[in-house]
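> Got a sequence here, can you build the structure:
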Amino acid sequence: MAAQAKSSTTTQPSDYLLNLVWIGAILYGIGFFLQNAYIIRLQAIEEFGPVIHEFDPYFNWRATQYLYENGAKKFFQWFDHKVWYPLGRPVGTTIYPGMQFTAVFLKNYIFGEKMSLNDICCYIPAWFGVAATFLVGCIAYEASLDSNNMSIFGVMIDALKGRYNDGTSGSAVATNGYYSRANKFGLSSPALECAVFAMGFMAVVPAHLMRSVGGGYDNESVAVTAMSLTFYLWMRSLRSGEKNNYLFGILAGIAYFYMVAAWGGYIFVLNLIGAHAALLVLLGRFTTKVYLSYTLFYVVGTSLAIQVPVVGWMPLKSLEQMAPCLVFLGYQALQYCEFMRKKNKMTRREAWKFRVKVFAAGLVVACVLVATMTPKGYFGPISSRVRGLFVPHTKTGNPLVDSVAEHQAANNQAYWQYLHILCFLAPMGLFIVLFRFGDSAAFLFVYALTAYFFSHKMVRLILLTAPIASSLAGIAVGRVVAWSVSVLTGEDDEPETKKSDKDGSGVSKKSDGKKKKDKKSSSSESFTGFAAIRDGFVEASKSTEGKIVKSIAALVILGSLYFQATSFKTYAWKISAGLSNPSIILKGQTRDGNIIKVDDYREAYWWLRDNTPEDARVMAWWDYGYQITGISNRTTIADGNTWNHEHIALLGKALTGSEEEGYQIARHLADYILIWGGGGGDDLAKSPHLARIANSVYRDHCPGDVTCRAFGFVVSYTVAIPIRSKVLLNEPLSLTHNFIYFIGSSGNSFGHDGEELIVQAPQSQVEAWR
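Below is the predicted model of the structure:
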């Protein structure tokens, strides 16, 4: 015994040193991946400078400026007369202001005069991209802890038999090998390896890069971080084996409030957590801990969410948000039933009868309330975008929504483009989760199915798959790498450590055999045959030949993963270069091979700002509205808010109708018309969509052709020939009012000279006629 104790003592320093090396490697991996997450998102800023990208970010930038200069009170009272002329827009009550408040807070309290407001807005996507990367690692860590050690099939059988297992009893899946290398410095392995690799994937996955590159000052760049934080805190509140974890439900509610303030996609977050809470009930996982976690989350989150002006009372009125509310009410009824069951010591049959009575009474009350409140218009309608996710076809029926490319259905090519190797690794991680199941891990199961369903309906929502795909891929790779390292270091050969009594006597505790047998769950009973096969492989692997085979397999796996990771990183950087193009500045190559930057868009807007009256009204298709007001500071007819379908339809009618009709409409709305021409995405290429949107309101616009399929232009070389009668888009010279026509960087014009040429910008023709 003395020799054994001495031997044990002498191995402790080496174990401690090995743990330090392990921690050092983990910290290095976290730092390396977070650094990569930051650097890859700065490509746009390093190449083009701190420039706001695309269209929508210019509205966000203008709103941030207004908030910074006027304060929160005026911001929420702001009615903008320079947009949607002559209607205007109450910006303060129709905007999700979380990102704007974040930028102004950073400017006022963190950076001050060290950074301009424009630079802060450009860097925010990169900063929050790094934060989202770290939080996704935390999600993978929480789902990989030892408490998630049951199988989903065993959990389902336990639920049918009325048994509950918290993941700490003998009913859990047996752990051996590297799975028993549990806690080191309070951290769990292989959960920590899973977290590190999840960060590695999230750092560079294109599905997240497309909304988080520097300069992409859009709501999603902040919202993904807020969403990941909400999900992590929700999962953390469900961790087994610790007291007062439900208090993390309060923090989850606060994080959800930030998500609500940042993006309209908060509805997805709320419904996903509600669906998970409902699934836990169906799996027999409803406990006081789960009840408190969801109740605190919903009460705190909803109470704060209704404070956001654009949201108001919608969480309690909108049909899109009714399901989580019903889950909340169901949780209150279930907890009441549980309280009465314990108080009256009911049998299982009596408890079920009582539950049926309670829920039947609740259903009657709910039906009465619905029948009473529906005629009064209490419940809000489902939006066309959400409705389009559930209709059997890919279109919403609203041509304005359907005309946006990112609202189209996703295909396999889109998934491969934005997820790449994660398309294969994520299903592997999901398979592991099903056999390392628990309350927290179940959330990833719900998240994976839901994200795939919605992203398949709308390609834009592939963004939602980035956190879950990275988490699942990290779980798959993390567990494989942990196993491989344990094989190569010999850790998997160590005997499973048995817990000793607290008095240090060395005699292991033995629970009563009969009670242990009685409490044994179906999780182990259902897989006895598989367990025997597994144990046979384990015994065979302990032989000399088995160790050699495992070592070779570990080396092959690590080598293969290294090459795949290198390929994925190269691909991600290549995609990032394309995503980092701000679109408002173009790159081109001359015949002699020189790379040039074409800044015609901004120069045109600057010309508009410097050469037109301050109260000038500019008619342009709604795509350019945000840029006109954000850069030129001129009044626009419509923009990307697209809140008024009829107004945009009138705009489309003016631009694609006959010359005389278009003029009669435009003369009452605008002083100038701005049209982009040249290139595949110019206004001529968009004109069929413009006509289709106009025809959705003005049915005589395309007589006998509901979808305006006959409308369009045949483009031959540099001349655009209209198929139908002359339209405003193609007849700039016959107009007698003040109009501005911008012909794009390809230099396409219609071979006419205006009566008075006002300006011609370099690199492209920018012409104005009176």
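> Which stretches in the stretch 551-700 of the chain count as strands?
In the stretch 551-700 of the chain, the segments counted as strands under DSSP state E, counting those that start in this stretch are 586-589, 595-598, 617-619, 635-636, 672-673, 676-677.
> Residue 145: which of these is closest?
Judged by CB to CB, the one of those that comes nearest to residue 145 is strand 586-589, at 47.1 Å. Glycine gets a C-beta too; all of them are placed from N, C-alpha and C.
> and the closest one, average pLDDT?
Per-residue pLDDT values over strand 586-589 give a mean of 80.
> Can you tell me which helices and strands it packs against?
Applying 3 or more CB pairs under 8 Å, 6 or more residues apart in numbering; DSSP states H and E, we find strand 586-589 packed against strand 595-598.
> Identify the residues contacting the residue nearest to the spatial centre of the chain.
With distances taken as CA atoms, centre = their mean, residue 464 lies nearest the centre of the chain, 3.4 Å away. By CB atoms under 8 Å, 6 or more residues apart in numbering, residue 464 lies in contact with 265, 268, 451, 454, 455.
> Save the residues you listed as CSV, and put in pLDDT too.
Converted to CSV, the contacts of residue 464 look like this (pLDDT from 0 to 100):
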residue, pLDDT
265, 90
268, 93
451, 92
454, 88
455, 88
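> Residue 433 versus the residue nearest to the centre of the chain, what's the distance?
Distance of residue 464 to residue 433, given as CB to CB, to the nearest Å: 18 Å.
> do residue 547 as well
29 Å.
> The two: which is more packed in?
When residue 547 and residue 433 are compared on other CB atoms under 10 Å, the one with more neighbours turns out to be residue 433, at 25 against 15.
> Let me know the helix or strand that that one is in.
Assigned by DSSP states H and E, residue 433 belongs to helix 422-435.
> what's downstream of that helix, the next helix or strand?
With DSSP H and E, the next secondary element past helix 422-435 is helix 439-457.
> I'd like to know which elements that next one is packed against.
Looks like helix 439-457 contacts helix 117-143, helix 219-236, helix 266-282, helix 422-435, helix 465-489 (3+ CB pairs under 8 Å, 6+ apart).
> which residues are in contact with stretch 576-584?
Residues outside stretch 576-584 that contact it (CB under 8 Å, 6+ apart): 40-41, 43-44, 47-48, 51-54, 204, 206, 209-210, 213-215, 587, 601-602, 627.
> hmm, back to that, distance to residue 314 for the helices and strands packed on helix 439-457 - can I get that in TSV?
Supplementary listing: those in TSV, determined by distance: least, CB to CB, whole Å:
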stretch	distance to residue 314
helix 117-143	25
helix 219-236	17
helix 266-282	9
helix 422-435	33
helix 465-489	25
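> Out of those helices, the one nearest residue 697 is which?
helix 266-282 (27.5 Å).
> which parts of the closest one are buried?
266-278, 280-281 (16 or more other CB atoms under 10 Å).
> Run the chain-centre distance for that helix.
16 Å (CA atoms, centre = their mean, to the nearest Å).
> Against which helices or strands is it packed?
By 3+ CB pairs under 8 Å, 6+ apart, helix 266-282 packs against helix 219-236, helix 248-262, helix 288-305, helix 322-344, helix 439-457.
> To residue 612, which of those helices lies closest?
helix 219-236 (30.4 Å).
> relative orientation of that closest one and helix 248-262 in degrees?
Inter-element angle recorded for helix 219-236 and helix 248-262: 170 degrees (by axes from the mean of the first three to the mean of the last three CA atoms, to 10 degrees).
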